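J.: just coords:
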C-alpha cells in the first residue's frame, strides 16, 4: 500500500516488541506465523480519506476494489495464497447509505474474482472522514514465503508488467486532463490495480526467486528496501523499464518523462523480484528484465548502458 | 469492542459474501478459520477519536492499553489463546510525536503482560482525527471455540466479575465528578479493562460451556445476541448482578441506580457465559450466577424474583 504519510513511529514500535522465535514481524510485506506445516501470512493496511483517496476522484466501487486489491497484493508479494480478509470501516453520516453499499460492491467484486471471503471486521461511524482498514490472512508452505532479504549478487531483476501507468493515471486525474481512451486506461490502472496473486504463487513454485515484493511506493523506493534487506546493490537500465503504449502516447502528448514516472511513481502493484535469468522459462507469463543485482549498495541508474543521474520525483498518492 | 456508531451495513455485507465450508464469518466475537488440527481465530476493531475516545479524557497510554485490551478480549471470549496483534494507526500532525510514543508504551505494556507480540501493521498520517485499528490472531483446538449459539434451556448464566464499573467510570469522567478513591477505581476500570484470557481458556477446558462472549455493549444488549443465536430466552435477577463496593458507594452518593448501570452499561469486558451450574467447581476463579436460560425469547428481568420492567438506558462509549 502507498506509504505516504508513514513516519518514523515504526522504529519506535520495533524497539518495544520482541518477535518470538520462528515468526517474522515488522519490515516485510506480511508478518509470518508458523503453523502446523504451513505458515500464516498476515498484512494490514489503513486508507484515509484526504490522504489515500478523495471521494470526488474515485467512485465508492473503485475505493472498495482498491482497498481489497492492495492487501491481496501483499499476499501475492510473498508468493502466498489469500485465505480471508477482514474489513474495518468508519463512516461519517453522509457516507453511511449508498456510498457504503457501493464501496462493499467494489470490495465484493474483487473478492469474488479471487475467491477470497470477507470473514469479519468492524463498522463504526466517524465524525468527518472515512477511515478504512483491511487485514488479510494468507498461507504458504512452511519457510517458503518470499521475503526481501534474499537477493544475490548476479541475480537478474524483473517486474511482472508495465510500470508507471498508475502514477500517470493519478497525474491525469489530479490535473483534470481531457479524457480519451489512453487517459481512461491509465486512470483505470490507478483506481483498479490487479494483485498478481497467481503470478506470485507460480514464482514461488519455481524455487528460483531470491527476493520479491510488490510495487506500491515505486521502483526506486521499493527496490531500495530489497537492497538494504539483502545487503547488495543494483544497476537499473531506464530504457528497459516496460512501458505501456498508452503511457508512451500520453507522456508524448503532455511532455512527461515516461521513464521517470516508471522509475518513481507508485501503486502499480506489479511484482518486483530477483532471480537467475533462466526463471523466465519456468513461468507462463512475461517477466521484464530491468537490471542486475550487484555488490555494494544503492541503485546505479543507466540509460543505454551509461550511468545517468536520476532524480526521484514525488508523486502524490491519492 | 464498543459497538457505538455501528450501523446496518453488516447485513448488507453479509449478503455479498459467502462463508466457505468449515469457516465462521461475521456474527461472533471472532472469525474462525480451520487450520491443521487447530482453528485460527481472528478479530479486528476500529477506534476513532471523537467516537470511541477523547484525547482530553484519557492518556495516550490508556488508549494504547485499551486498544489492545478490547481485541485480546475478543480472543478470550472464544476461549482462545492470543498469538499476535496487528496495529494500524492514522495520526494527525499534533499526535505524531510524543502522543504516538506514549500510545505505543500503553499498547506494549498490556502486550507484554499477556506475552502477545505485535507483528505488523500500518502507520499513516490523517488530516484531523486519530484512527486506530487493531487486529488480533488467536488459536484454539479445532472445533472447540466457544461461540454464541450453544445456550441450552436450563443452563445457568454467569459472569466473571462485577458489572457496571466501566460505565460508572465513564459517567464520572464525562460528568467531571470530584475525584476520590472510589471514583478513581471506576475510571481506571473504564480506561484499563482486563481481558479475561486465562479465565476464557479455563472455561473452554471444562467442556461445559454452552455459549460465551465478552461484555462490550452491556449485559442487556450482549445477552440478547446469545439468546437470538441460540434460539432461547433468559431470566435475569437484577439483585444477583455482582456490584463492586466502589460502584455501590458512588451510586449511593450520586443517586445513580447501580443495578441499571450493571445491566446496561458497556465495556466491562467480563465474560458472559451459559453452563450447567456445576461448572463453578471446575474453575479456580469466581463465577457469578445471574440468571437462567429459558424457553421462548428475550430477557425477563426480575427483582427479588418478581418480574420488573427494566428500561435500557443509553451510555455514551468514549
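T.: Thanks, I have the structure now. Treat the numbers as computed from the prediction; the structure is a model and nothing was measured.
J.: the closest residue to residue A:23 other than its chain neighbours is in what secondary structure piece?
T.: Nearest non-adjacent residue to residue A:23, counting by Cβ to Cβ, 6 or more residues apart in numbering or on different chains: residue A:33, 5.4 Å away. Glycine gets a C-beta too; all of them are placed from N, C-alpha and C. Per DSSP states H and E: residue A:33 is located in strand A:31-34.
J.: the closest residue to chain B within the stretch 151-300 of chain A in helix, strand or coil?
T.: Across the stretch 151-300 of chain A, the shortest distance to chain B (Cβ to the nearest Cβ) belongs to residue A:216, at 11.4 Å. With DSSP: H, G, I helix; E, B strand; the rest coil as the basis, residue A:216 sits in coil.
J.: and residue A:89, by the same measure?
T.: Note that with three-state DSSP, the state of residue A:89 is strand.
J.: ok, it touching residue A:126?
T.: No. Contact between residue A:89 and residue A:126 fails when scored by Cβ atoms under 8 Å: they sit 9.1 Å apart.
J.: settle it for me: which of the two has more neighbours?
T.: residue A:89 (27 against 24; other Cβ atoms under 10 Å in any protein chain shown).
J.: which ones are touching residue A:279?
T.: When contacts are counted by Cβ atoms under 8 Å, 6 or more residues apart in numbering or on different chains, residue A:279 is found next to A:156, A:158, A:203, A:206, A:208-209, A:287.
J.: which residue ranges of chain A form strands?
T.: Counting by DSSP state E, chain A has strands at residues A:31-34, A:38-48, A:81-91, A:118-125, A:131-141, A:156-159, A:211-214, A:233-237, A:271-275, A:288-294, A:298-303, A:306-307.
J.: can you redo the ones you listed as JSON lines with distance to residue B:132?
T.: Formatted as JSON lines, those follow (distance: least, Cβ to Cβ, whole Å):
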{"stretch": "strand A:31-34", "distance to residue B:132": "18"}
{"stretch": "strand A:38-48", "distance to residue B:132": "9"}
{"stretch": "strand A:81-91", "distance to residue B:132": "10"}
{"stretch": "strand A:118-125", "distance to residue B:132": "11"}
{"stretch": "strand A:131-141", "distance to residue B:132": "9"}
{"stretch": "strand A:156-159", "distance to residue B:132": "35"}
{"stretch": "strand A:211-214", "distance to residue B:132": "25"}
{"stretch": "strand A:233-237", "distance to residue B:132": "37"}
{"stretch": "strand A:271-275", "distance to residue B:132": "31"}
{"stretch": "strand A:288-294", "distance to residue B:132": "39"}
{"stretch": "strand A:298-303", "distance to residue B:132": "36"}
{"stretch": "strand A:306-307", "distance to residue B:132": "46"}
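J.: out of the ones you listed, which is closest to residue B:235?
T.: strand A:118-125 (31.6 Å; Cβ to Cβ).
J.: wait, does the closest one contact chain B?
T.: Yes. Judged by Cβ under 8 Å from any Cβ of the partner chain, strand A:118-125 and chain B are in contact via A:118-125.
J.: stretch A:80-91 now?
T.: Yes. Using Cβ under 8 Å from any Cβ, stretch A:80-91 reaches chain B at A:83-84, A:86-91.
J.: JSON lines for the residues you listed, including pLDDT and distance to residue A:54?
T.: Shown next, in JSON lines, are these (pLDDT from 0 to 100; distance: Cβ to Cβ, whole Å):
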{"residue": "A:83", "pLDDT": "91", "distance to residue A:54": "32"}
{"residue": "A:84", "pLDDT": "91", "distance to residue A:54": "29"}
{"residue": "A:86", "pLDDT": "92", "distance to residue A:54": "25"}
{"residue": "A:87", "pLDDT": "92", "distance to residue A:54": "20"}
{"residue": "A:88", "pLDDT": "93", "distance to residue A:54": "20"}
{"residue": "A:89", "pLDDT": "93", "distance to residue A:54": "17"}
{"residue": "A:90", "pLDDT": "94", "distance to residue A:54": "17"}
{"residue": "A:91", "pLDDT": "93", "distance to residue A:54": "16"}
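J.: quick check on the residues you listed: which are buried?
T.: Among the residues of stretch A:80-91 next to chain B, those classed as buried by 16 or more other Cβ atoms under 10 Å in any protein chain shown are A:83-84, A:86-91.
J.: before we move on, back to that, now the strand holding residue A:33, how far from the centre of its chain.
T.: Relative to its chain's centre, strand A:31-34 lies at 20 Å (Cα atoms, centre = their mean, to the nearest Å).
J.: what lies in contact with it?
T.: With Cβ under 8 Å, 6+ apart, strand A:31-34 has contacts from A:22-25, A:39-43, A:78, A:142, A:145, B:83-84, B:86, B:119-120, B:137.
J.: please parse chain A into its domains.
T.: Following the assignment in automatic domain parsing, chain A carries domains at A:9-141, A:156-307.
J.: mean pLDDT for the ones you listed: which is lowest?
T.: Lowest mean pLDDT within the domains of chain A: domain A:9-141, at a mean of 88.
J.: nearest residue to the residue lying farthest from the centre of chain A in space, please, no chain neighbours.
T.: In chain A, the greatest distance from the average C-alpha position (Cα atoms, centre = their mean) is reached by residue A:93, at 31.1 Å. Spatial nearest neighbour of residue A:93, excluding adjacent residues (Cβ to Cβ, 6+ apart): residue A:125 at 7.0 Å.
J.: go ahead and confirm that neighbour touches residue A:89.
T.: No. Contact between residue A:125 and residue A:89 fails when scored by Cβ under 8 Å: they sit 10.0 Å apart.
J.: make a markdown table out of the contacts of residue A:279 and add neighbour count.
T.: As requested, those are exported to a markdown table (neighbours: other Cβ atoms under 10 Å in any protein chain shown):
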| residue | neighbour count |
| --- | --- |
| A:156 | 19 |
| A:158 | 25 |
| A:203 | 26 |
| A:206 | 15 |
| A:208 | 17 |
| A:209 | 22 |
| A:287 | 23 |
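J.: returning to that earlier point: if we go by neighbour counts, what in the strand holding residue A:33 is buried?
T.: Buried, per 16+ other Cβ under 10 Å, within strand A:31-34: A:31-33.
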